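Student: Provided below for reference: sequence and predicted model.
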Amino acid sequence: MPDFKTMWSGCKSDCQTGCNSSPFAQYDNAASVLKLELKRTSQSWDGAPLPDYLKGKPELVVMRYIFPVGSKLPWHHHPVINYGILHQGELTIIGVDGKKKVVHAGEAIVEMVGSVHYGMNTGDKPVVLDMFYLSLEGMPLAVQHPDIPMK
């Protein structure tokens with residue numbers, strides 16, 4: 001698999017000078033567009049199978065989350081399938097069952113559906129995370145669980 005971070009870094013600097021020698025220069029027509037599959041799965045990060053899609057009027061939602069260093073979300077669960085890309089930082093997701101997943105910049109994550117968990121920034125820079133929700137109109141993206149004490 002190509003080193004996308006290195007290629008993107010080179011492209012950003014080359015674009016300031018006209019993109020003539022960009023690592024993407026070899027892909028200069030539509031038939032040669034570089035495409036990288038970041039994730040393909042039918043399971044969430046904890047190995048649980050994803051549920052069937054919900055029936056009803058779909059609503060696709062894209063959210064950007066920015067977690068300051070050391071911050072965390074409260075316990076919650078998602079009633080809908082969701083997945084995302086971590087652009088910056090280090091995010092640790094902890095399930096109520098104790099399972100833990102550390103996600104680093106550039107990685108894709110498929111969240112738990114229906115399982116209580118929380119996420120926290122365990123790195124030394126803000127987390128920037130884009131999440132994509134396959135929801136229904138009027139359905140919440142997350143349900144809070146204030147009755148569970150934070151660790």
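Tutor: Nice, thanks for sending it over.
Student: When you work out contacts or count neighbours from here on, use the C-alpha atoms and nothing else.
Tutor: OK.
Student: who are the neighbours in contact with the most centrally placed residue in the chain?
Tutor: Most central in the chain under CA atoms, centre = their mean is G84, positioned 2.1 Å from the mean C-alpha point. By CA atoms under 8 Å, 6 or more residues apart in numbering, the contact set of G84 is A108, I109, V110, L129, D130, M131, F132.
Student: again, but for D124
Tutor: Applying CA under 8 Å, 6+ apart, the residues contacting D124 are V69, G89, E90.
Student: Also V62?
Tutor: So V62 contacts D130, M131, F132, Y133 (CA under 8 Å, 6+ apart).
Student: hmm, 6 Å instead?
Tutor: Residues in contact with V62, defined by CA atoms under 6 Å, 6 or more residues apart in numbering, are M131, F132.
Student: A helix includes it, no?
Tutor: No - using DSSP: H, G, I helix; E, B strand; the rest coil, the secondary structure at V62 is strand, not a helix.
Student: Any idea how many residues pack against F132?
Tutor: Residues lying near F132 (other CA atoms under 10 Å) number 17.
Student: partners of it in the sheet?
Tutor: Judged by DSSP bridges, the bridge partners of F132 are V62, Y83.
Student: Just confirm it contacts Y83, I think it does.
Tutor: Yes - the criterion here is CA atoms under 6 Å, and F132 meets it with Y83 at 5.4 Å.
Student: Below-threshold pLDDT in this structure: ranges please.
Tutor: Filtered on pLDDT under 70, the chain yields the residue ranges 1-28, 30.
Student: Would you check how far apart L54 and G95 are?
Tutor: 23 Å (CA to CA, to the nearest Å).
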